[in-house]
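**Q** okay, predicted coordinates and the sequence, questions at the end:
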There are 2 protein chains.
Amino acid sequence: MPERRRWTVRDLRRDNRSVLLWSLYFDQPCSRQDLSEATGLSSASVSNVIRELIHEGIVIEAGSVDSDGGRPRVLLRINPDYGYVIGIDVGETRIRVELFDLTMTVRANADYPLDPREHGVDVVVDRVLTCVAAVLADSGVAPASILGAGVGVPGVVERGSEVLLHGQTYGWDAVPLERLLRSGTDLPLYIDNGAKTMGQAELWFGAGQGARHAVVCLIGSGVGASIIGSAAAGRGATSSGAEWGHTTIMVGGRECRCGSRGCLEAYVGAEAILDRYGLPLPGDDEESALAALIGAAATSPQAAKVLDDTALYLGVGIANLINLFNPGQIILGGWAGLLLGGHMLPAIRAAARQHALSHPFAATTIGLGRLGPDAVALGAATLPIQAFLNGTAAPSARRIARSV
Amino acid sequence: MPERRRWTVRDLRRDNRSVLLWSLYFDQPCSRQDLSEATGLSSASVSNVIRELIHEGIVIEAGSVDSDGGRPRVLLRINPDYGYVIGIDVGETRIRVELFDLTMTVRANADYPLDPREHGVDVVVDRVLTCVAAVLADSGVAPASILGAGVGVPGVVERGSEVLLHGQTYGWDAVPLERLLRSGTDLPLYIDNGAKTMGQAELWFGAGQGARHAVVCLIGSGVGASIIGSAAAGRGATSSGAEWGHTTIMVGGRECRCGSRGCLEAYVGAEAILDRYGLPLPGDDEESALAALIGAAATSPQAAKVLDDTALYLGVGIANLINLFNPGQIILGGWAGLLLGGHMLPAIRAAARQHALSHPFAATTIGLGRLGPDAVALGAATLPIQAFLNGTAAPSARRIARSV
DNA sequence: GGCACTTATTATAAGATGTAAGCGAATGGG
DNA sequence: CCCATTCGCTTACATCTTATAATAAGTGCC
């Protein structure tokens, strides 16, 4: 029995305001008339809501365009400087923080490499807070103007009475990340799985634009996936981060760092690929080592075999996603995913075709992400944007001040 | 970018009417006051909508109850005879059709066994139509009173410009089932995957009552699963039938009848289990053969080994669902699922624990379905009920007549 | 300057819910 | 037996939002 909420006249207004904001956000600049056609709202209602938004400083008029011999249409835009958002990528090997304006232009960023052997929670929290302070100082943006900060993390995000993080593969167990960060900042926080945030970035700005139903595979040192779909009759979209990396594709297979056997991650994660090869490779980090392995494949049969197997396993994993989710689009991302995909996408596609049912497979396209490996931070920043457009953003200091 | 619709004042009414119907349907009988508390609508609005529903004959007053020294509360119920629904289970080995009133009381049913070797589309369509005619005649219900017929089918259901069915494992390819049935009936048709309809039945009336997020595993001759969850901020629920049976759990493993290798169905479907055992068993159908195998396990090491392996493979499959969907509840159903689960649920649970991440696993309960193997037809009948409660039911002859 | 054309704004009406007052029906005490 | 009380439901009214239609505004062409 689905749970349904009653609606009041006020919800109607809030909702239609939100519909207008979404439409304008993804199709700016445009005129009131355009918005009326795009959303189906009457021109009177559009004018009404837009007046309110302009008064609040969220929307600004930006020039005008002739209209075949009539009154020129006034173009509307979202005010890029109405507020700012922060995207935080907590990866397994580094922390990256970026500050954007409302149109997702980067205003400042900060990096911090993490030693894989020292993945303590307190260190990570401390570094994140330092980086946030750095981008704030760097950009000159007042903290009160920040609409929120999104955080993309590896592992399972559990939303109960408080947000808990479970990163089984690197020893995080029920970490109350939000509370820990809260000790050092007042920003509204939006925490979610990194694969999911990357997926949202690709869906909004990258390879998934216009897709209704997409799956994004994040392959780095480990493996994750994000399933994004628009609920058929729903308001807004649903999405979930999935622990794809620890689904079993080979009963009784290779040991995985999660403690189980035969996990996908034990075959196609960068760490696992290099381990399967076994021989030494040039380069001091995984990224250059994997690149070297791909380079060696042209001459070394052993390296070629490892990569061929990788394509097979990855194709199997993708086929499983196709059978389970029937997505319209599969996007391969993450630094290792982009490397592997760039080199052997056809082989991956072929393996997926072999292992998926033919019809769901035919309805799916498999491609590479277009935003590069930094998409996680960008996607994390879309979380507060989403709340802002939905009108559900936590009241920040700015808003409180404004309403007095 | 999620697609969002604008809402008008009228949508508001339709939606709140629907909220009331849902609430009443699952908590009847109850008073107007109860509805007001349950839904959050003001008592005035409740009275208003209920008056309309009573006028239309959908809701009826049913006695009254004293109230601690005040005006007695009038109890409301959905009129069971306002309309009827039909649930159709198209299985791999039989067709089953049941006719229910609005409260899901069976009024008539009909069965037809299917020869596994003769699974032609035309035969199935013909038999379904015959069975529908039989239950109509048997119950004495006028066709115009049927709100709709739900059909649960094996395989992938594709909703494009018309509904297409893909049953790769038994040779159905892009079958336009709705159009074929339409040639013999005017009933509004709701076609969906059988695992999904069974899941909905368990969720509404069985083991999943009150669950927000459940996965239902249907194990018969083949294997399917249904993922049911309430979209966090959405109207109503989303669900999808998943081709869980053809996800790969063993790269390069046993051949599957879908043409691939290592599919879950090639290990835990009833057909596959019996095939893995290999030795002859008493009984002329799969059901009695599987029961015999379970009986033999007490004395035969070979039979015990086959079942132990089955528990392992099934546990792996369930673990994959847990990692991907993080459900609150997993419900095992289907005739083979109920047989196996009744005999070795602890072993299945143990295998799932070993292969799932610890936190998602801890949040999940694994149990058996409570509605028995007929739940597919019951669930199929919930499809037109759902449309009826949502107010999106196709206009039937009855309604057209009524509105004149 | 008048006219056509397009865009945006301003009444006005229709329809939805919430609030609060009022009516109806039964209990229980004096 | 009567009356205050209590609770359930209904009615009247105010508030709010959108759609419709008329009005104003701005530009180009003749």
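**A** Looks like it came in fine. All values reported here derive from a predicted model rather than from experimental measurement.

**Q** avg pLDDT for the strand or helix carrying residue A:11?
**A** Using DSSP states H and E, residue A:11 sits within helix A:9-26. Per-residue pLDDT over helix A:9-26 has a mean of 92.

**Q** wondering if the single longest helix found in chain A reaches chain B at all.
**A** The longest helix of chain A (DSSP state H) is helix A:301-325. Yes - applying Cβ under 8 Å from any Cβ of the partner chain, one finds helix A:301-325 touching chain B at A:312-313, A:316, A:319-320, A:323-325. For every residue, glycine as well, the C-beta is placed using N, CA and C.

**Q** nearest to DNA strand C: which residue in the stretch 301-404 of chain A?
**A** residue A:391 (18.7 Å; Cβ to the nearest atom of the strand).

**Q** shaky segments in the stretch 201-350 of chain A?
**A** Applying pLDDT under 70 to the stretch 201-350 of chain A flags residues A:229-241.

**Q** tell me where it has strands.
**A** A:213-219, A:223-229, A:238-242, A:329-333 (DSSP state E, counting those that start in this stretch).

**Q** closest one to chain B among those strands?
**A** Proximity to chain B, assessed across the strands of the stretch 201-350 of chain A by Cβ to the nearest Cβ, is greatest for strand A:238-242 (4.6 Å).

**Q** so which bits of stretch A:29-44 are buried?
**A** A:29-32, A:34-36, A:38-39, A:41 (16 or more other Cβ atoms under 10 Å in any protein chain shown).

**Q** residues from the stretch 1-150 of chain A in reach of DNA strand C?
**A** Proximity of the stretch 1-150 of chain A to DNA strand C is confined to A:6-9, A:31-33, A:43-44, A:47-48, A:50-51, A:67-74 under the rule Cβ under 7 Å from any atom of the strand.

**Q** need the buried residues of stretch A:29-44 in TSV (columns: distance to residue A:357).
**A** Shown next, in TSV, are those (distance: Cβ to Cβ, whole Å):
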residue	distance to residue A:357
A:29	44
A:30	42
A:31	46
A:32	47
A:34	42
A:35	42
A:36	43
A:38	37
A:39	38
A:41	42
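
**Q** what segments of the stretch 1-150 of chain A are helices?
**A** A:9-26, A:32-39, A:43-56, A:121-139 (DSSP state H, counting those that start in this stretch).

**Q** helices and strands around the longest one, which ones?
**A** So the one you mean is helix A:121-139. strand A:84-90, strand A:94-101, strand A:106-113, strand A:146-153, helix A:177-182 (3 or more Cβ pairs under 8 Å, 6 or more residues apart in numbering or on different chains; DSSP states H and E).

**Q** repeat the analysis, applying 7 Å as the threshold.
**A** Here helix A:121-139 touches strand A:84-90, strand A:94-101, strand A:106-113, helix A:177-182, going by 3 or more Cβ pairs under 7 Å, 6 or more residues apart in numbering or on different chains; DSSP states H and E.

**Q** run through who's touching it.
**A** A:86, A:88, A:90, A:95, A:97, A:99, A:107-110, A:112, A:143, A:149, A:172, A:175, A:180-181, A:184-185 (Cβ atoms under 7 Å, 6 or more residues apart in numbering or on different chains).

**Q** send over stretch A:50-68 as PDB, restricted to the C-alpha atoms.
**A** Extracted in PDB, the C-alpha atoms of stretch A:50-68 (Å, rounded to 0.1, in the frame of the first residue of the first chain):
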ATOM      1  CA  ILE A  50       8.000  35.000 -11.900                       C
ATOM      2  CA  ARG A  51       7.200  38.300 -10.300                       C
ATOM      3  CA  GLU A  52       7.600  36.700  -6.900                       C
ATOM      4  CA  LEU A  53      10.900  35.000  -8.000                       C
ATOM      5  CA  ILE A  54      12.300  38.300  -9.300                       C
ATOM      6  CA  HIS A  55      11.300  40.100  -6.200                       C
ATOM      7  CA  GLU A  56      13.200  37.500  -4.200                       C
ATOM      8  CA  GLY A  57      16.300  37.900  -6.400                       C
ATOM      9  CA  ILE A  58      16.300  34.400  -7.600                       C
ATOM     10  CA  VAL A  59      15.400  35.200 -11.200                       C
ATOM     11  CA  ILE A  60      16.700  38.200 -13.100                       C
ATOM     12  CA  GLU A  61      15.700  39.700 -16.500                       C
ATOM     13  CA  ALA A  62      18.500  39.500 -19.000                       C
ATOM     14  CA  GLY A  63      18.000  41.500 -22.100                       C
ATOM     15  CA  SER A  64      15.300  40.900 -24.700                       C
ATOM     16  CA  VAL A  65      14.900  39.500 -28.100                       C
ATOM     17  CA  ASP A  66      12.900  40.800 -31.100                       C
ATOM     18  CA  SER A  67       9.800  38.800 -32.000                       C
ATOM     19  CA  ASP A  68       8.800  39.100 -35.600                       C
END
